[in-house]
Structure formats: C-alpha cells, structure tokens
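In: whatever this is, show me its structure:
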Amino acid sequence: MHIVIVGSEKDKALASSIMVNTKNKIHDLTGKITLNQFAALAEQSSLYLGIDTAGFHIAWTLGIPTIGIFGGGHFGRFTPSLPHVRIIHHKMDCYNCYWHCIYDGTKCITSITPENVITAIDQLLRKNNKIVRG
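Out: Numbers count the residues shown, from 1 in each chain. Next up is the predicted model:
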C-alpha cells in the first residue's frame, strides 16, 4: 500500500513527525498539490484517513472508503451516515462546544487512540470488499 500525506504548507512539520514515527514508506505531498490535484489523487485511493476538512468531504463524496477523526466542536453537523464512511470520535458531555474547549486544548480529539484508528481501518477495509463503487 502506498501511503500519501497531503495538506497545506503549514502541515509540513506534522507530516514530518508522522513520517519519523513509522516504518512505512510515506510520500509527503504537503504543500505540493492543489485541491483539484488532491481530488484526482483521492479518486485513485483505496482509503482516506483524515480530520474534518475538505479532503474528508471530497473523499467520501467520491465513494472512497473514508475515515474521519472528529472532535466535538460541532459534532453531527457535517457527518455523513454512509456505509463507506466511519467517524472516529470520543464522546464527551461537552460536545457541541463550538471549539470553546473547557479542557486544555481539544481533549475530545487527543483522547482518540491509535488503536481506535486501526480498528476503524480494519473494519472499513473488511467491509469495503462488499462496497461497489460506481
């Protein structure tokens, strides 16, 4: 599997930290492609994993198996309920805070574990065998 990281130029440091902490070969395209080029890349992808950004919405509308990591700022407002989409979140009493976090930062996002993400990937890829993309 080819793994590609995309984002804006400001995401380069985060992309570098991800690349340093993995054994997999990763292609870093942060700051190097346009949104149209991203859409073309996403269309060829087997899986999209990301946060609630344009990339997430482009991927699921293209029918790509898509996993979104969501916080509680405005949870449920832009979350599609589709068979090829999984939303990973850590439900808290303070959901729908509109990002006025009562904790130190965004606890609802930082409470999501790598195991949560791996489980969602496994489940979605297994189910993907049944998804017919048109």
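
In: in the chain, which spans are helices?
Out: Using DSSP state H, the helices of the chain run over 12-20, 35-43, 54-61, 107-110, 114-128.

In: could you save the ones you listed as CSV and add columns showing mean neighbour count and distance to F78?
Out: Using the backbone N, CA and C atoms, a C-beta is placed for each residue, glycine as well. Formatted as CSV, the entries for the helices of the chain read as follows, by neighbours: other C-beta atoms under 10 Å; distance: least, C-beta to C-beta, whole Å:
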stretch, mean neighbour count, distance to F78
helix 12-20, 13, 22
helix 35-43, 14, 17
helix 54-61, 19, 7
helix 107-110, 16, 15
helix 114-128, 13, 18
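
In: can you tell me how far the residue lying farthest from the centre of the chain is from Y95?
Out: Among the C-alpha atoms of the chain, the one most distant from their mean position (C-alpha atoms, centre = their mean) is that of I102, at 24.2 Å. I102 is 11 Å from Y95, where distance means C-beta to C-beta, to the nearest Å.

In: before we move on, back to that, show the pLDDT at the residue farthest from the centre of the chain.
Out: For I102, the model assigns a pLDDT of 87.

In: same thing with the one 4 residues further on?
Out: With respect to pLDDT, T106 scores 79.

In: quick check: closest non-adjacent residue to it.
Out: G71 (5.2 Å; C-beta to C-beta, 6 or more residues apart in numbering).

In: tell me which residue is most central in the chain.
Out: Closest residue to the average C-alpha location of the chain: G50 at 1.5 Å, with C-alpha atoms, centre = their mean.

In: circling back to that earlier point, how deep is the residue nearest to T106 tucked in, by neighbour count?
Out: 22 (other C-beta atoms under 10 Å).

In: and R86, by the same measure?
Out: Going by other C-beta under 10 Å, the residues that sit close to R86 add up to 20.

In: surely E9 touches L29?
Out: No. The criterion here is C-beta atoms under 8 Å, and E9 misses it with L29 at 11.2 Å.

In: ok, now how distant is L82 from V20?
Out: Using C-beta to C-beta, one gets 34 Å for the distance from L82 to V20.

In: let me see the contact set for the residue farthest from the centre of the chain.
Out: I102 is in contact with C94, counting by C-beta atoms under 8 Å, 6 or more residues apart in numbering.
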